[in-house]
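**Q** Just need the structure, nothing else, for what follows:
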Amino acid sequence: MSKELVVIGLLALAGFLGGGAYSTWKTARGLAVVLAVLAVLALGGAVLWLV
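**A** Got it, this is the predicted structure:
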């Protein structure tokens, strides 16, 4: 699998998780925090994969 495809996949996952965290913030703050942490981890993984 290409290095760029993995990075694009992780960035897309981070975007979906970040959007989910944003949309659930008013109703379920605990879930929103978990989704935000997972988004940050996916984003960090994408950055580290590029290095």
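
**Q** Can you tell me the SS state at the residue most central in space within the chain?
**A** Nearest to the geometric centre of the chain sits residue 14, at 2.0 Å (Cα atoms, centre = their mean). Here residue 14 is helix, with the state taken from DSSP: H, G, I helix; E, B strand; the rest coil.

**Q** What of residue 27?
**A** Three-state assignment for residue 27 (three-state DSSP): coil.

**Q** give me phi/psi at it?
**A** Dihedral pair for residue 27: phi -100, psi -40, per degrees, to the nearest 10.

**Q** ok, now which ones touch it?
**A** Applying Cβ atoms under 8 Å, 6 or more residues apart in numbering, we find residue 27 in contact with no residue. Using the backbone N, CA and C atoms, a C-beta is placed for each residue, glycine as well.

**Q** Same check on residue 45?
**A** Counted by Cβ under 8 Å, 6+ apart, residue 45 has contacts residue 10.

**Q** Need the CA coordinates for the helix or strand harbouring it. PDB is fine.
**A** Assigned by DSSP states H and E, residue 45 falls within helix 29-50. The C-alpha trace of helix 29-50 is given here as PDB (Å, rounded to 0.1, in the frame of the first residue of the first chain):
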ATOM      1  CA  ARG A  29     -19.900  15.800  25.800                       C
ATOM      2  CA  GLY A  30     -18.200  12.700  27.000                       C
ATOM      3  CA  LEU A  31     -18.500  11.000  23.600                       C
ATOM      4  CA  ALA A  32     -17.400  14.300  21.900                       C
ATOM      5  CA  VAL A  33     -14.300  14.300  24.000                       C
ATOM      6  CA  VAL A  34     -13.500  10.700  23.100                       C
ATOM      7  CA  LEU A  35     -14.000  11.400  19.400                       C
ATOM      8  CA  ALA A  36     -11.800  14.500  19.600                       C
ATOM      9  CA  VAL A  37      -9.000  12.500  21.200                       C
ATOM     10  CA  LEU A  38      -9.300   9.900  18.500                       C
ATOM     11  CA  ALA A  39      -9.200  12.600  15.900                       C
ATOM     12  CA  VAL A  40      -6.000  14.000  17.300                       C
ATOM     13  CA  LEU A  41      -4.500  10.600  17.400                       C
ATOM     14  CA  ALA A  42      -5.400   9.900  13.800                       C
ATOM     15  CA  LEU A  43      -4.000  13.300  12.800                       C
ATOM     16  CA  GLY A  44      -0.800  12.700  14.700                       C
ATOM     17  CA  GLY A  45      -0.500   9.200  13.100                       C
ATOM     18  CA  ALA A  46      -0.800  10.800   9.700                       C
ATOM     19  CA  VAL A  47       1.900  13.300  10.500                       C
ATOM     20  CA  LEU A  48       4.200  10.700  11.900                       C
ATOM     21  CA  TRP A  49       3.600   8.400   8.900                       C
ATOM     22  CA  LEU A  50       4.900  11.200   6.600                       C
END
